[in-house]
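**Student:** sequence unavailable; structure follows:
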């Protein structure tokens, strides 16, 4: 038997990283023995990179999440990464609801219609946590912390978690929701996300380009590297139901650092003076958003599954530099 | 100016109690001065009692929540009580999703379409809390306890809370979600709810009829009386946004008691030997459901709004008996 795996958002950054990993090394799904990958379906609004489309095992569905499920057919596992990002979901409420909520529900309904309940990994987000304006600072977020989302994106992800939980309890899918941390260092270009600078202040100086840090240098920040994020998604895909445990979403581990520490790590890895290319500007609007995010995570549940944060930010810079080469 | 108030589920037990109260004593909405009630719209699948339909201020909409909003028009406040109850939402997943989720969303979309954001009181439920089979007992539930719903009803209510929170943050409504406790003593007949006996073991003996208690006599149980539940709904309707505080749902207070204490209270209020009409049967299936509910609530947030539980179960029996007369 070979496996059929779907990745929604399969043309995005994490989707392509995961797709390449699955095409290289097969996995066992939900506690089953490792099996050959028969088909990898990549669903996204735009086509994935050429190296992926060139693989004969890859099938591409270009389209909207709410309509794509009809073309999926029988599958063994779904990794649901697709979604409207936080800034866009905030700017266009109806778009966010349609994609992040209705799209997720359409995908779950497709999964429910299958002969065997597929393993379904849902990428939720640390954005489910937010600083409630009527309450104090967030403090350390642990496995039992009550999410109080302060954005439409966070609300929609939290609702997605609830749907996955109940579809799992009912036996329609074998769901596992993981809350992804801010991922740095991302390759590519700056984008409109408030977190964009957390990749930019490393990526651009390494390329000899200036980059702005819009928050005070001592701002505490929780981060995960791309490879640790991938570890979390793969672990959720592979473990059996008993080891996964509670149907409630699981926080992935994060390293707590500051821009000051990030700059020092950059200089240690890439040479003294590299961080001189960082402009220490101050944008209070960005600062307010960043301070509303959790900065310190305590993740014993993830640890019990062998998932750990990076030890130091030096490791993250080194991994990014090695990937570039 | 007079006010226009909508009650969904306006023909149900709590809906009619609330309707009678609003028709008798006008309220100020969301911190405004007390104003005359101009129109009370009761939405339900079936018509309300004759005393309500006879009031010229009452307008009745008989129909489904998903279609009713079109007939509502401009309103100042909505108390959203309607929903498919827990047993029915569990037996018919699609019905629960359609009424409890899509119906709530349709109502919120109607509210969003109005010229002024209405005050919207959403009745959530202690059913958002449940004993996670992968974790230990629930313990004391407080304002920060993470809900881990273990039923489709609980999930749908919890999703409703999230929608109300975000529609409020966006300024579409002025939402306040209150989590109602098990209400006892309810008048009327036994129903299929697992909690039905908590009213039955008082109501039936008071009427000289035998009633079964299907759980061990020392099972701890969190209850609220109809009048304390009404207090919670009215407070949510009346307070201003600042006093309401966090947009996260608020637990209403509950009295923790046991069937043993309930029977003793019954004898004290109605005369020794009344509780001899209780049959102490044992139904492990009902017991398992009842033990999955929170039994002890700590509700400082509700207390800050002046909301308290009944002091003793004797008070609850006395209030029910007085209402009967």
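**Tutor:** That came through, no problem. Just so it is clear, the model here is predicted, and its values are computed rather than measured. Numbering: from 1, shown residues only, chains lettered A, B, ... in the order given.
**Student:** ok, and for the helix-or-strand element of chain A with minimal mean pLDDT, which residues are buried?
**Tutor:** Each helix and strand of chain A was given a mean pLDDT (mean pLDDT, DSSP states H and E); the minimum falls on helix A:69-72 at a mean of 83. Of all the residues in helix A:69-72, those buried under the rule 16 or more other C-beta atoms under 10 Å in any protein chain shown are A:69, A:72. Yep, even glycine has a C-beta here, placed from its N, CA and C like the rest.
**Student:** show me what it is packed against.
**Tutor:** helix A:104-112 (3 or more C-beta pairs under 8 Å, 6 or more residues apart in numbering or on different chains; DSSP states H and E).
**Student:** just how off-centre is the helix it packs on within its chain?
**Tutor:** Here the centre of helix A:104-112 is set off from its chain's centre by 20 Å, with C-alpha atoms, centre = their mean, to the nearest Å.
**Student:** quick one: mean pLDDT over that helix.
**Tutor:** Here helix A:104-112 scores 96 as its mean pLDDT.
**Student:** tell me what it is packed against?
**Tutor:** With contacts taken as 3+ C-beta pairs under 8 Å, 6+ apart, helix A:104-112 sits against helix A:69-72, strand A:77-80, strand A:119-125, helix A:152-169.
**Student:** repeat that for 6 Å
**Tutor:** Helix A:104-112 makes packing contacts with helix A:69-72, helix A:152-169 when contacts are defined by 3 or more C-beta pairs under 6 Å, 6 or more residues apart in numbering or on different chains; DSSP states H and E.
**Student:** could you look over those helices and pick the most buried one?
**Tutor:** Greatest average neighbour count among those goes to helix A:152-169 (a mean of 26), per mean count of other C-beta atoms under 10 Å in any protein chain shown.
**Student:** starting from it, tell me the next helix or strand along the chain.
**Tutor:** Helices and strands here follow DSSP states H and E; after helix A:152-169, the next one along the chain is strand A:174-180.
**Student:** quick one: name the residues of chain A near chain B.
**Tutor:** A:132, A:134-135, A:144, A:146, A:148, A:152, A:155, A:158-159, A:162, A:166, A:245-246, A:248 (C-beta under 6 Å from any C-beta of the partner chain).
**Student:** pLDDT score assigned to residue A:2?
**Tutor:** The confidence metric pLDDT takes the value 93 at residue A:2.
**Student:** what sits against residue A:16?
**Tutor:** By C-beta atoms under 6 Å, 6 or more residues apart in numbering or on different chains, the residues touching residue A:16 are A:48-49.
**Student:** pull the distance from the helix or strand encompassing it to the chain's centre.
**Tutor:** Here residue A:16, judged by DSSP H and E, is contained in helix A:13-24. Taking C-alpha atoms, centre = their mean, the mean C-alpha location of helix A:13-24 is offset from the chain mean by 13 Å.
**Student:** which of the residues in that helix are buried?
**Tutor:** Of the residues in helix A:13-24, those scored as buried under the neighbour-count criterion (16+ other C-beta under 10 Å) are A:14-20, A:22-23.
**Student:** isn't there a strand covering residue A:40?
**Tutor:** Yes. Under the criterion used here (DSSP: H, G, I helix; E, B strand; the rest coil), residue A:40 sits inside a strand.
**Student:** roughly how far does it sit from residue B:27?
**Tutor:** Separation of residue A:40 from residue B:27 (C-beta to C-beta, to the nearest Å): 59 Å.
**Student:** out of those two, which sits in the busier spot?
**Tutor:** Between residue A:40 and residue B:27, counting by other C-beta atoms under 10 Å in any protein chain shown, residue A:40 is the more crowded of the two (22 against 18).
**Student:** does the more buried one touch residue A:6 like I think?
**Tutor:** No. At 7.9 Å, residue A:40 and residue A:6 do not qualify as touching, with contact defined as C-beta atoms under 6 Å.
**Student:** picking that back up, nearest to chain B, of the buried residues of helix A:13-24?
**Tutor:** residue A:14 (24.5 Å; C-beta to the nearest C-beta).
**Student:** look up the pLDDT of the closest one for me, please.
**Tutor:** The predicted local confidence for residue A:14 is 96.
**Student:** now do the same contact list for it.
**Tutor:** residue A:81.
**Student:** between the two ends of stretch A:217-227, what distance do you get?
**Tutor:** The first and final residues of stretch A:217-227 sit 25 Å from each other (C-alpha to C-alpha, to the nearest Å).
**Student:** helices of chain A, residue ranges please.
**Tutor:** With DSSP state H applied, chain A shows helices at A:13-24, A:50-53, A:69-72, A:86-91, A:93-96, A:104-112, A:152-169, A:196-206, A:226-238, A:241-244, A:259-270, A:284-291, A:300-304, A:313-324, listed in chain order.
**Student:** what's in contact with the last one?
**Tutor:** For helix A:313-324, the surrounding residues in contact (C-beta under 6 Å, 6+ apart) are A:185, A:202, A:225, A:227, A:257, A:261-262, A:265-266, A:268-269, A:310.
**Student:** swap the cut-off to 10 Å and go again
**Tutor:** Contacts made with helix A:313-324 from outside it, assessed by C-beta atoms under 10 Å, 6 or more residues apart in numbering or on different chains, are listed as A:17, A:183-187, A:199, A:202-203, A:206-207, A:221, A:223-228, A:255-258, A:261-270, A:274, A:309-310, A:312.
**Student:** next one: stretch A:271-284
**Tutor:** With contacts defined as C-beta under 10 Å, 6+ apart, stretch A:271-284 is touched by A:194, A:197, A:200-202, A:204-217, A:259-260, A:262-268, A:289-290, A:317.
**Student:** kindly check the end-to-end length of that stretch for me.
**Tutor:** Start-to-end span of stretch A:271-284 (C-alpha to C-alpha) is 30 Å.
**Student:** stretch A:74-85 too?
**Tutor:** Taking C-alpha to C-alpha, the first and last residues of stretch A:74-85 lie 28 Å apart.
**Student:** how about that stretch: buried residues?
**Tutor:** By neighbour count, and taking 16+ other C-beta under 10 Å as the criterion, the buried residues in stretch A:74-85 are A:75-85.
**Student:** same deal with stretch A:87-105?
**Tutor:** Across stretch A:87-105, burial judged by 16+ other C-beta under 10 Å covers A:87-89, A:93, A:96-101, A:103-105.
**Student:** now stretch A:227-245
**Tutor:** If you call a residue buried by 16+ other C-beta under 10 Å, then stretch A:227-245 has these buried ones: A:227-239, A:244-245.
**Student:** same question for it, mean pLDDT?
**Tutor:** Average pLDDT, stretch A:227-245: 97.
**Student:** next, count neighbours for the nearest residue to residue A:38 once chain neighbours are set aside.
**Tutor:** Beyond its immediate neighbours in the sequence, the residue positioned closest to residue A:38 (C-beta to C-beta, 6 or more residues apart in numbering or on different chains) is residue A:2, lying 3.0 Å away. Using other C-beta under 10 Å, the number of residues around residue A:2 comes to 11.
**Student:** quick check: residue A:223 touching residue A:197?
**Tutor:** No. Counting by C-beta atoms under 10 Å, residue A:197 is not a contact partner of residue A:223; they are 11.9 Å apart.
**Student:** re the thing from before, could you tell me the angle between the helix holding residue A:16 and strand A:119-125?
**Tutor:** On the basis of axes from the mean of the first three to the mean of the last three C-alpha atoms, to 10 degrees, helix A:13-24 is oriented at 150 degrees to strand A:119-125.
**Student:** ok so, going back, next, the contact list for the residue nearest to residue A:38, please.
**Tutor:** When contacts are counted by C-beta under 10 Å, 6+ apart, residue A:2 is found next to A:26, A:35-39, A:57, A:76.
**Student:** domain map for chain A?
**Tutor:** Under automatic domain parsing, the residue ranges defining each domain of chain A are A:3-181+A:225-251, A:196-221+A:255-324.
**Student:** quick one: contacts for residue A:139?
**Tutor:** Neighbour list for residue A:139: A:131, A:145, A:294-296 [criterion: C-beta under 10 Å, 6+ apart].
**Student:** please consider this matter closed, and thank you.
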